[in-house]
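J.: coordinates for the following, if possible.
(2 chains)
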Amino acid sequence: MARNQPPGGQAPVVQRVRIRYAKRGPLRFTSHRDFARAFERAIHRAGVPIAYSQGFTPHPKVSYASAAPTGVASEAEYLEIGLRERVDVALLARALDAALSPGLDVLDAVEAPVGGSLADRIDAGSWAVELPGVDADTARRAVAAFLAADEVPVERLTKQGRRTFDARGPVASLVVRDAAGVSAADGVPSEVAAAPCAILDLVVRQVTPTVRPDDVLSGLRVVAGLEPPSPPRATRLAQGTLTTEGEIVDPFAADRAQEAIGAPSA
Amino acid sequence: MASFESTARAHTPACNRGDPAPRGRVRWHVVNVASVFPQLERLLPLVSKPIQYVGGELGAVVKPWDAAAVRWVLMYPDAYEVGLPNQGVQILYEVLNERSDVLAERTYAVWPDLETLMREHGVPQFTVDSHRPVAAFDLFGISFATELGYTNLLTALDLAGIPLASVDRTDEHPVVVAGGHAAFNPEPIADFVDAAVLGDGEEAVLEITDIVRDWKAAGCPGGRDELLLRLARTESVYVPRFYDVDYLPDGRIQRVVPNRPDVPFRVHKRTTMNLDEWPYPKKPIVPLAETVHERYAVEIFRGCTRGCRFCQAGMITRPVRERSITTVGQMVKQGLEYSGFTEVGLLSLSSADHSEIGDMCSGLAEQYAGTNVSLSLPSTRVDAFNITLAEELSRNGRRTGLTFAPEGGSERIRRVINKMVSEEDLIRTVVTAYSNGWRQVKLYFMCGLPTETDDDVVQIARLAHEVIKAGRAATGSKDIRCTVSIGGFVPKPHTPFQWAAMAPPEVIDHRLALLKQAINADRQLGRAIGYRYHDGQPSLVEGLLSRGDRRVGAVIRRVWEQGGRFDGWSEHFSFDRWVDAAAETLPPQGVDLAWYTTRERDEAEVLPWDHLDSGLDKQWLWKDWQDSVAEYEQDDCRWTPCFDCGVCPSMDTEIQIGPTGRRLLPLTPVGADASGAGAVRHGLRVPD
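T.: Modelled structure (predicted):
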């Protein structure tokens, strides 16, 4: 007996919206599952007319692009939702942002076209990785050794067990910036402000298995013995398609262009 | 919200931390009220589930330190995932933070992985709201739902840098106040707490706050001792240090008496009347981390007079005070809008007993029909009426499982415990459930009850077989199941069983084995019956802590020193550690583990909690204990005459029940509601 389903099933999706959000400061310790629960509650708090999947246990129509790991901050997380009623996208972004805890912040929203997926617009990401207690010269030597290698095998414990894979191949660029210890993401002075703090600017292509900042750090340890004295702080700064010039194209750019041409208005 | 700001080290007076103009003679010293987050943050990548330590939840309140005259830190002494949903802490947190000059923050037990790192790096016990050190607060309130949190109290005190022993604390330390049901016998932790409050906390915390505020404003006259004396004079705050316990040569208590003038002989429990005036939580704390309950919970009434003789909660929370149907409806509406939860729990000790439960369930079901909100009614008795309620509540959802608690397997033992459920009732109820589409029914029982025989326990198997047979006959289907879940009985203070002997763990384990055999003796029926139980050992330790006196404090301390933590978790609990600690510390004091647990007490014995007044007349409790052994049942005073348990006259309270005759009105559909402050077009709400 499918009591969950009103006669005729769930209301259809009439609008799809793509959302960019940030995971900042202490809330970078939110896991993907934690965020997903918080986001579903935010949908209810904000009264968003979310559409549900068909079936015995309907789920809200929310799909996520690859999520930053727990403990890693991000300025560029993406998701897409399906709505059963049309809404004003800017207002939706404001309502969802207000409904989420400060630190989980909705930054941008755009109406998505019919067909095509967010995943098609994302094949690379850029990261800033702070290395408190590591001076820039040490970091540069390690990076040079890493980039000189054809392959840097690293190990990580995944859900499937311990896996070994190449951390070098997917790295499109890796440069060292010297900066005083201020977090790139949230401007919060960290405890180690006075200490040297090299920052790695990293661009990685999204492949399987995913190479994450901690894998690149493992690689730096493997090739150059780099061992940061304090836990590094990583922030994802952007995701999108990587051009041959090494730029990352905003995944909303195409949607924006379509809007400008005159997509259906709310 | 600047929840993680760093504040500078503050040089503040001993008692008037943050008070700009301290008067009187004050010793100055450094109290560091800066956020410890920068130090903690470095440890978080190294521990499991770091999100539980960062705060930032919806509903969390962060107030400026210096603007508060009185500062509380509230603790539920278990892991965040268990402690966060606790109603008691959430209610007090909100009640306190609603006062403009009061600040309340929360702290929870940290897991051993973080504890080790905190010790290594000198990070103190912290609050999750602002990451302030626990030692910097005026009051440290700990809510004990169970005695198994005692070792976690010691960890928190130690990590906070607060001396474990109350006598070693000075004016600079917070006043440590215990509450919760276990506080009705705080004697085992009397050495570690400064005070204990019995009963409802809503008004008690405000009264304590007023006393602390006045004392601080007057320049802390007389120091900590004077403050504790002022609290004790209320006659509803128990300050153990003001009482001496004398023992007889055989180990029993001779007497418990005040050791100074102006302290009452007995301390009375608090009772909050008119629950409609206390509609908390209004803004529930919504965690980011996964917790054991993710729902908006509303107490539909407090207290219970069903009179189950094992049930401490039912005895110590009398009289029954209902929240009206309309207040419940309003709380559910606001609670869901605020939190974004999709599950509502209608809580109480026996929810189907609310005088307006039928209208409440059908009204809420109607209001939330067609939404994804699910309603649940935990703690229901064995009663066919509950199936009707459950049908209403499951309109939106699936009929996954129903739970009933007959508690005893034989008619005889159910008379002993006053459960007042016949086998016929039980089978009819469960069959009704199966016939109405439920496939799974869970039945709760206890093992180790007073006067229990092997046969009383084996009868549980027969009952389960009958349930399956009747269910198969009624539904014509083999696709029905029941799960038999067995808990160990622990005699509790302020109940008719407070005098009873516990059965030794070997006896419990033997009966559980017999029961398992009996369930599987009929394979056809046995395969439809699930069997869950806990062995008898943890119950024995609970028994020691529940009915212990001050001498048991040495056991708790020894266990903690030996690494005891999270005793409510089977993977952390060590029975041997408790047995060894008891063997080490109790005999020198003339008693032992068995003396506290498997020994029956007689009427004349002074019990460790006799000076703590739950309102129940000790003579009535004794009579009910005798009635129990005689298998005489006592009906509920809500529908039969008063049986003189003593609570209402001694506490000056009364039963507060409906029906009010009111109904829940249909909710305005989302989208049409443009009246609220945050309402916008398209039905979107921009929450504050």
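
J.: in which helix or strand would I find the closest residue to chain B within chain A?
T.: Residue nearest to chain B within chain A (CB to the nearest CB): A:Arg41, separated by 3.0 Å. The C-beta positions use only the backbone N, C-alpha and C, and glycine is treated the same way. According to DSSP states H and E, A:Arg41 maps onto helix A:32-45.

J.: so which bits of that helix are buried?
T.: Neighbour-count burial for helix A:32-45, counted by 16 or more other CB atoms under 10 Å in any protein chain shown, picks out A:Asp34, A:Phe35, A:Ala36, A:Arg37, A:Ala38, A:Phe39, A:Glu40, A:Arg41, A:Ala42, A:Ile43, A:His44, A:Arg45.

J.: skipping adjacent residues, who's closest to the residue in chain B positioned nearest to chain A in space?
T.: Closest contact between chain B and chain A, by CB to the nearest CB, is at B:Gly340 (3.0 Å). Of all residues beyond its chain neighbours, the one nearest B:Gly340 is A:Arg41 (3.0 Å), with distances taken as CB to CB, 6 or more residues apart in numbering or on different chains.

J.: for residue 94, grab the count of nearby residues.
T.: This is for chain A. 17 (other CB atoms under 10 Å in any protein chain shown).

J.: chain B is the one I meant
T.: 19.

J.: from A:Ala76, how far off is it?
T.: 36 Å (CB to CB, to the nearest Å).

J.: model confidence at residue 179, what's the number?
T.: Went with chain A since none was named. A:Ala179 is assigned 67 on the pLDDT scale.

J.: ah, I was thinking of chain B
T.: Reported pLDDT for B:Gly179: 98.

J.: close enough to count as contact, B:Asp644 and B:Leu621?
T.: No. B:Asp644 is beyond contact range of B:Leu621, at 11.2 Å (criterion: CB atoms under 8 Å).

J.: contacting residues around B:Thr317?
T.: B:Gly199, B:Arg302, B:Gly303, B:Cys304, B:Leu349 (CB atoms under 8 Å, 6 or more residues apart in numbering or on different chains).

J.: now, of the residues you listed, which are buried?
T.: By 16+ other CB under 10 Å, the contacts of B:Thr317 give B:Gly199, B:Arg302, B:Gly303, B:Cys304, B:Leu349 as buried.

J.: and these near chain A, which?
T.: Applying CB under 8 Å from any CB of the partner chain, the subset of the buried ones among the contacts of B:Thr317 adjacent to chain A is empty.

J.: how about the longest helix seen in chain B, does it get close to chain A?
T.: What stands out as the longest helix in chain B, according to DSSP state H, is helix B:454-475. No. Helix B:454-475 stays clear of chain A (CB under 8 Å from any CB), getting no nearer than 14.0 Å.

J.: can you state the direction angle for the helix or strand just after that helix and helix B:454-475?
T.: Where DSSP H and E defines the elements, the next helix or strand beyond helix B:454-475 is strand B:481-488. Per axes from the mean of the first three to the mean of the last three CA atoms, to 10 degrees, the angle that strand B:481-488 makes with helix B:454-475 is 160 degrees.

J.: with pLDDT, secondary structure and distance to A:Gly71 added, can I get the contacts of B:Thr317 in a markdown table?
T.: Conversion of the contacts of B:Thr317 to a markdown table gives the following (pLDDT from 0 to 100; DSSP: H, G, I helix; E, B strand; the rest coil; distance: CB to CB, whole Å):
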| residue | pLDDT | secondary structure | distance to A:Gly71 |
| --- | --- | --- | --- |
| B:Gly199 | 97 | strand | 43 |
| B:Arg302 | 97 | strand | 42 |
| B:Gly303 | 97 | coil | 46 |
| B:Cys304 | 95 | coil | 45 |
| B:Leu349 | 94 | coil | 42 |
